[in-house]
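> sequence and predicted structure, then a few things I'm wondering about:
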Amino acid sequence: MSKKLRKWLRAGSPWVWFNAGAVAISIIMVAGLIGLLAFHGLRHFWPADVMQARYQPPGLPATEVIGELIESETVLAERLQDSGVDVDPAKNFYQRDLWKFGNREITGTDFGWLLTDYISEKKFPDALTVLERQQWGNFYGIPIALLERGETLANSRAQAENDSLLWAELQFRLDRAYELREEISSLQGQELGRVNSELERLRLLERALVIADEMSPTLKQEINENRATLESRLLVIQLRLNRLKAEISRDSVLMRAVNNSEVQIALEDIVRAYQPNQLGLPGKFAVYFSRLWEFLSAEPREANTEGGVFPAIFGTVVMVLLMSIIVTPFGV
């Protein structure tokens, strides 16, 4: 070993480069993992095209299927046979597709596997609509009529499979339902909560005065007057809420789903409606960012399986800040 090399090793330069390389590799691995998770997670918000097809396994009647194609995989024929599926004994492998059917009130399940060999007549009609709902998940179908207080609106029934006038009227009435929902949420979360909080404060004050034996007729009268004022405000808010709930429940849409079944859906239950098969790239990005923002900023719904994660994010951030404040004096 040359003198120059020994001097370089004793100076510690190799370890500096080794440490820098290890840190760089760690950063690349962490960034790659985050990127992989982001790629597979964020694509969930992309509005995928909705397919309509005919599915007919051997020995069974043909059925119509509508939904989103999630993924495909190749499976052994023996595995399918063990699960009770009729397969060709001469064929060793089958390809099957995972579909998101939605329409739980019809199908009973959100997802299902279909064998690719038995799927035919695939098409992507522009009129196929995705309705994201407050509960029961997505609904896939074609809007065929609008109803107001249970009665079909004149000239609202679709004149063609892709009726732009019907879709425009549906969007107009959905915007109205969204505004009413926001107003109801504001009344329930702010004004109603504020009045109830004041009533509870009065109740606790009255109880404290009684326990301390400091209640006088004057104080009693003042508390009763304040309570009467708050109760009258509460009644006004409740009447307004009842009126808004009656207004938001006015409209509904009649949808044609699989096998020509018809389902009536109240507009107050719809979170978002779009027709992905006729959306261009700008339209799909608009839906994508709308869904992503809802995930980050909205509260969860449907037993925490849909909606947003804002409470969890807020709690996590607050906990991190509190822990940072607590451990800082200890030099951590």
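Now that the structure is in, tell me what you want to look at.
> could you pull out the helices for the stretch 151-300 of the chain?
164-186, 192-211, 217-248, 281-297 (DSSP state H, counting those that start in this stretch).
> and the shortest one, what other elements does it pack with?
Contacts of helix 281-297 with other secondary structure elements, assessed using 3 or more CB pairs under 8 Å, 6 or more residues apart in numbering; DSSP states H and E, are made with strand 270-274, helix 310-327. All C-beta atoms are positioned from the backbone trio N, CA, C, and that covers glycine.
> out of these, which one sits most buried?
Comparing the helices and strands packed on helix 281-297 by mean neighbour count (mean count of other CB atoms under 10 Å), strand 270-274 ranks first with a mean of 19.
> what about T218, how many residues nearby?
8 (other CB atoms under 10 Å).
> can you check A286 too?
A286 has 14 neighbours, counted by other CB under 10 Å.
> again, but for I265
20.
> re earlier: worst mean pLDDT among the helices and strands packed on helix 281-297?
With a mean of 80, helix 310-327 has the lowest mean pLDDT of those.
> now that one against helix 281-297, angle please.
50 degrees (axes from the mean of the first three to the mean of the last three CA atoms, to 10 degrees).
> I'd like the distance from helix 310-327 to the chain centre, please.
24 Å (CA atoms, centre = their mean, to the nearest Å).
> do stretch 173-193 as well
The answer for stretch 173-193 is 19 Å, by CA atoms, centre = their mean.
> please save the CA atoms from that stretch in PDB.
Coordinates of each C-alpha in stretch 173-193 appear next as PDB, following Å, rounded to 0.1, in the frame of the first residue of the first chain:
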ATOM      1  CA  ARG A 173     -80.700  20.900  -9.200                       C
ATOM      2  CA  LEU A 174     -77.600  19.200  -7.700                       C
ATOM      3  CA  ASP A 175     -76.000  22.700  -7.200                       C
ATOM      4  CA  ARG A 176     -79.100  23.700  -5.400                       C
ATOM      5  CA  ALA A 177     -79.000  20.600  -3.100                       C
ATOM      6  CA  TYR A 178     -75.300  21.300  -2.400                       C
ATOM      7  CA  GLU A 179     -76.000  24.900  -1.300                       C
ATOM      8  CA  LEU A 180     -78.900  23.700   0.900                       C
ATOM      9  CA  ARG A 181     -76.700  21.000   2.500                       C
ATOM     10  CA  GLU A 182     -74.000  23.600   3.300                       C
ATOM     11  CA  GLU A 183     -76.700  25.800   4.900                       C
ATOM     12  CA  ILE A 184     -78.100  22.900   7.000                       C
ATOM     13  CA  SER A 185     -74.600  22.000   8.100                       C
ATOM     14  CA  SER A 186     -73.800  25.500   9.100                       C
ATOM     15  CA  LEU A 187     -77.100  25.800  11.100                       C
ATOM     16  CA  GLN A 188     -76.500  22.500  12.900                       C
ATOM     17  CA  GLY A 189     -72.800  22.900  13.500                       C
ATOM     18  CA  GLN A 190     -72.700  26.600  14.500                       C
ATOM     19  CA  GLU A 191     -76.000  28.300  15.300                       C
ATOM     20  CA  LEU A 192     -77.700  25.300  16.900                       C
ATOM     21  CA  GLY A 193     -74.600  24.300  18.700                       C
END
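> just to revisit the earlier point, how about the helices and strands packed on helix 281-297, which one is nearest P300?
helix 310-327 (7.3 Å; CB to CB).
> from the contact counts, what lies against the closest one?
helix 281-297.
> contact partners of the helix it packs on?
Identification of contacts with helix 281-297 by CB atoms under 8 Å, 6 or more residues apart in numbering yields 42, 45-47, 271-272, 274, 276, 279, 307-310, 313.
> how big is the angle separating it from strand 270-274?
Put simply, helix 281-297 runs at 160 degrees to strand 270-274, going by the same axes, to 10 degrees.
> contacting residues around the residue found closest to R227 once you drop the neighbours it is linked to in the chain?
Leaving aside its sequence neighbours, R227 sits nearest to L202 (CB to CB, 6 or more residues apart in numbering; 5.5 Å). By CB under 8 Å, 6+ apart, the contact set of L202 is 223, 226-227, 230.
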